[in-house]
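Peer 1: What follows is a predicted structure for the sequence shown.
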Amino acid sequence: MIIWGSTGRESTCASGDFFCPTCRRDTEYGHQRVQRYFTLYFIPLFPMNTVGEYVKCYSCGGQYSTEILDIPREQIRALIEPWICGRCGNNNAAEYGECLGCRSPRRLAARPQQSRIAPPSDDDDIIEAESV
């Protein structure tokens with residue numbers, strides 16, 4: 001009788017420092033990868049596929065999507081700190097997307113955007129002259 005099957009195994013594929021939203025400070029993390037292994041007599045032999053990946057904080061044990069490594073510290077802080085409504089001045093907890101007082105949506109500070117208007121070129125003058 002042959003006993004075969006599969007099992008999941010975690011492995012750390014990278015590590016470093018990141019800003020943890022739960023700890024609210026820079027701390028060490030492990031980039032974990034979960035893979036499904038083929039087993040024969042309960043011995044894992046080879047990986048069959050990758051089930052998923054996540055980031056694990058070594059301080060608090062929190063698990064986050066890998067996209068958290070790409071988000072700047074300031075943006076994470078803005079999302080986890082309480083906020084004040086610009087319309088009515090009500091203090092709101094971070095988890096609410098709209099003001100509890102006036103129901104206006106939360107507006108995060110926007111980055112200054114570059115102007116999308118291009119300076120006029122010589123071709124623009126020609127087009128205007130032809131259309132008149």
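Peer 2: Yes, it's here. Numbering: from 1, shown residues only.

Peer 1: residues touching S104, list them.
Peer 2: C85, G86, R87, C88, E98 (CB atoms under 8 Å, 6 or more residues apart in numbering). The C-beta positions use only the backbone N, C-alpha and C, and glycine is treated the same way.

Peer 1: Relative to S65, which of the residues you listed is nearest.
Peer 2: Distance to S65 across those (CB to CB) is lowest for E98, with 23.9 Å.

Peer 1: give the contact list for the closest residue to that closest one other than its chain neighbours.
Peer 2: Nearest residue to E98, sequence neighbours excluded (CB to CB, 6 or more residues apart in numbering): P105, at 5.2 Å. Counting by CB under 8 Å, 6+ apart, P105 makes contact with G97, E98, C99.

Peer 1: top of those residues by neighbour count?
Peer 2: In terms of neighbour count, C99 stands highest of those at 20 neighbours, by other CB atoms under 10 Å.

Peer 1: gap between it and Q75?
Peer 2: 20 Å (CB to CB, to the nearest Å).

Peer 1: Also T50?
Peer 2: 28 Å.

Peer 1: No more questions from me, cheers.
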